[in-house]
Each structure stands twice: as structure tokens, then as C-alpha cells.
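1. Here's a sequence, model it:
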Amino acid sequence: MKKSLALLAALGCFSQSSMAATTNIQNLTTITTGTLQSNFRVLSEDFGAALSYKPVTPAAALGLTGFDVGIELSATDISKSASILQALTPGATIPGTLPVPKLTVAKGLPFGIDVSAFITSVPSTDIKVTGGAISYAILEGGMVEPALTVRAAMTRLSGISEYSLSTKSLDIAVSKGILGFTPYIGAGQVWVDSSTTNSILTAAGLKAETFTQSKVFAGLNFNLGLPNFAIEADQTGGIQTISAKLGLRW
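-> Okay, here's the model as predicted:
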């Protein structure tokens, strides 16, 4: 049970096959506070913020021979939905913060274009989160000039019975390197699609949630030629995420 961690406890509440969960999404009907639709919206907002794409990288393009590979951990405040998740999973301990570990890779292409992807897999379940992005450096940066990039990304949650969640995002970021340290800031929009096919919930009138969340983020990348460390603070829809990544960047 330890290897499932808090991510399994939180996401597993939607899956009948999850080792950590004893209930599933249809137990939204048992919650007496709030409406069925409003509770589903709160869950969708928290998971949209937690699982949407986090760049955790400066704006500068990698270049034709560049790579960025690493292990990343994001921690998102899900305190708004913790009581709802607790009601869905009696006996489980629902944390106020949702950790999302990831394996990430990015590759530089010609003309200031980078492509990147990540995957998260929850042990002992079929739960996965995958995502990818493509970015274009409007300004590639230099000794004096900052780097400016625009990025489009998408993520998808899979492996949870009767529930689906996907996000799309668009952001712009600027960064400027100083002696191996590269601070960066950015802002954008996230589009979230959250739905269920559970017949009890749909018969009760539950509708899919499709909405946008504004995001702002700031981070610091530290590069030692090959070893690389980055940390980022993100606020999506007013929900805070802190991310850190350790890996190799060249």
C-alpha cells in the first residue's frame, strides 16, 4: 500500500480496481453538502490544475542538438476537494496536497522549436497521466537579449473507469540567464474537459464540465553544464502547484 502513495489515494477514488479505494465516482450522490454538479466542478478544477502541463524549464530554446531529461515532482493544493474525496473513499486518508511524479524529456529542433513529453504511472493500477508540448522561441536569447517563447500543450488522464479528464494549454514565457542561473516567468490559459460515463450520475443529471483556468508561473533553472535543477511555482485557476525537476540539460 505504501508504494501507491497519496496520488493513488486521491485519483484511485474514481477507480473500482484501485487498491486504495473502496468506492467510486458514483458516490458523489451520497454527499449532502453542495450540489452534485458543484462538487464535480470542484473536483474537475483541482485535477485540471494538478494535471495540466507544467513547463518547469526556462524559455530559451534547446537548439538542434539540445536535450532536457529529468525526474519531476509537482505538488498541488487540493484542499478544496479533499472533503469530497474523503466522502468518496471512506477509511482512506486524503491529503491536502496531491503529488504528481513524472518522467520528462524535451528535444530541441531547428528554427527555435522544442518538443517535450512526460508520463506518470501509478503503481499497482492502470492509472496514467501523459502530456506533451511544442514551443517556439520568438526570441532565442543571448548575452543581452532575453528569451521569449510561446508554448502549446495537452495532457490526458487514463486508466480510471467511467471518468475522463484532459487539458489543453497555451502560455508565453520569458527568461534571462545569469551565470548558470536562469529565472523565468510566464502566463497563459488552460482548457479543461472533465466527464463521466457513470449511468447513475448521468441519470441524476450530472453534466460534463468544460471550462478555462488562467495561469501564471515563475521559476528558476540552475545548470552546471550537464546536471540541471529547476523549481517552479504555478497558480492555475487560483490553485497553487510547486514543482521541482532534477536531470540533465544540454
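
2. who does the helix or strand that contains residue 101 touch, helix- and strand-wise?
-> Secondary structure assigned from DSSP states H and E places residue 101 in strand 97-108. Here strand 97-108 is seen to pack against helix 5-11, helix 36-51, strand 67-77, strand 113-121 when contacts are counted using 3 or more CB pairs under 8 Å, 6 or more residues apart in numbering; DSSP states H and E. Bear in mind the C-beta positions are built from the backbone N, C-alpha and C, glycine included.

3. Quickly, which of those bottoms out on average pLDDT?
-> When the helices and strands packed on strand 97-108 are ranked by mean pLDDT, helix 5-11 comes last with a mean of 47.

4. Might you list the low-confidence residue ranges for this structure?
-> Low-confidence segments of the chain, defined by pLDDT under 70, are located at 1-24, 122-126.

5. For residue 61, see how far away the residue nearest the centre of the chain is.
-> To find the centre residue of the chain, average its C-alpha atoms and take the closest one (CA atoms, centre = their mean): that gives residue 51, at 2.7 Å. Residue 51 sits 26 Å away from residue 61, taking CB to CB, to the nearest Å as the criterion.

6. Repeat that for residue 196.
-> With distances defined as CB to CB, the gap from residue 196 to residue 61 amounts to 40 Å.

7. any idea how far residue 183 is from residue 189?
-> Here the distance between residue 189 and residue 183 works out to 23 Å (CB to CB).

8. on that earlier part again, contacts for the strand holding residue 101, please.
-> 5-7, 10, 46, 50-51, 56-57, 61-78, 114-120, 129, 245, 247 (CB atoms under 8 Å, 6 or more residues apart in numbering).
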